[in-house]
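Colleague: missing the sequence, but the structure's below:
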């Protein structure tokens, strides 16, 4: 079993290049099968979730050609089955995007019930509500979600709760439904806009993405396109907080600074300097970190996917901080692991009360999910001594070359898979 092993104490200094947004890539790759012509997609992150989705797409007949590490050509002309029950697809949350894509194109689909990180209840009832309002019959049987319709018809759809996944999935299906669809209380996240822009590049007619009302005029077919995925705001934010935790100075390149405003403002509140450029953000931390209060919210609020990272950094800030998680109810499981490293955090319901400590100390911890795993790496990079992090496959689901990028900034971190390799690392860095 692979592990990360780190030795803290090195300020992270230098430049890091951010890859394509995982959450946008998964939806865009699924949407690519809706065209019967080749679609070229660039800036695709090389992470495990993407590999699993591409394998599933191949199994249903999509032609997937890897041009280079971050570029794929997808052709959905020869899809021969509308049932996606590939055993691994249930392990990634975004598997459900194939449901909206195939239902939109073929008016029929069945996909394995989605999995992903166990960070709390993430029901897909809003997705299914949207499909039903478009005219589909939807059932769940034997671990599969089955949807079919004689035809899809545009509809007025109000989402009871802001949901990124439901917004995108309904948008996929509605883009090839007859007539007009309106999605009200839609999610405004950057990757919702990216998926809409991608669909429009293939000939869809979608307006209002990025606002809470999206209007879609259905089209009969989608055509060839070339498209580049937006940068990953969560990967960028993770490196920004790594700079803060290690008292570093990092230029985070290939980003859209506007997407990072909620993250940048919290770093400034905590005492960091944040400088914005056209496509880069520089974070410098030269002072003691200060406490603050955070509530996770839908975009443009503070992202739930950045909650473990900011909580980890606030754990070594002066004073008492309060973090409120308003999106997922089970997102504090990593706190027990941080406690092993000396954190003083009290969780009450959806709120974490963080009493800042002077420093973390190295320990053997386990990654409970993707973002929490990245947060534990940050803790290890600023801790006194050696930290070993288990279950790093969670982290590899969403971060490309994480340890390589960190090492380029001066971090002492390696992947190991034996006690011998761990001891070798300890001797080398001691």
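Modeller: Okay, I see it. All values reported here derive from a predicted model rather than from experimental measurement.

Colleague: Three-state assignment for the closest residue to residue 210 other than its chain neighbours, please.
Modeller: Nearest non-adjacent residue to residue 210, counting by CB to CB, 6 or more residues apart in numbering: residue 193, 4.5 Å away. In short, each C-beta sits where N, CA and C put it, glycine included. What DSSP: H, G, I helix; E, B strand; the rest coil gives for residue 193 is helix.

Colleague: Kindly report the same for residue 379.
Modeller: With three-state DSSP as the basis, residue 379 sits in helix.

Colleague: And for residue 298?
Modeller: Per three-state DSSP, residue 298 ends up coil.

Colleague: what about the nearest residue to it once chain neighbours are set aside, distance to residue 220?
Modeller: Of all residues not flanking residue 298 in the chain, residue 162 sits nearest, at 4.6 Å (CB to CB, 6+ apart). Per CB to CB, to the nearest Å, residue 162 is found 30 Å from residue 220.

Colleague: Kindly report the same for residue 350.
Modeller: 46 Å.

Colleague: More neighbours: which of the two?
Modeller: Between residue 350 and residue 220, counted using other CB atoms under 10 Å, the more crowded position is residue 350 (18 against 7).

Colleague: The more buried one contacts residue 323, correct?
Modeller: No - in terms of CB atoms under 8 Å, residue 350 does not count as a neighbour of residue 323; the distance is 9.3 Å.

Colleague: tell me the contacts of residue 84?
Modeller: For residue 84, the contacting residues are 56, 59-60, 95, 98, 102, 109-112, by CB atoms under 8 Å, 6 or more residues apart in numbering.

Colleague: Quickly list what the nearest residue to it once chain neighbours are set aside is bridged to.
Modeller: Sequence neighbours aside, residue 111 is the residue nearest to residue 84 in space, at 4.5 Å (criterion: CB to CB, 6+ apart). When bridges are called by DSSP bridges, residue 111 pairs up with residue 84, residue 145.

Colleague: Outside of stretch 271-287 itself, list whatever touches it.
Modeller: Contact partners of stretch 271-287, identified using CB under 8 Å, 6+ apart, comprise 236, 240, 243-257, 260, 264, 267-268, 288-290.

Colleague: buried stuff in that stretch?
Modeller: By 16 or more other CB atoms under 10 Å, the buried positions in stretch 271-287 come out as 271-272, 274, 280-285.

Colleague: Hmm, the residue nearest to residue 210 is touching residue 208, no?
Modeller: No - Residue 193 lies out of contact with residue 208 (CB under 8 Å); the separation is 9.9 Å.

Colleague: what about those two, which has more around it?
Modeller: residue 193 (21 against 16).
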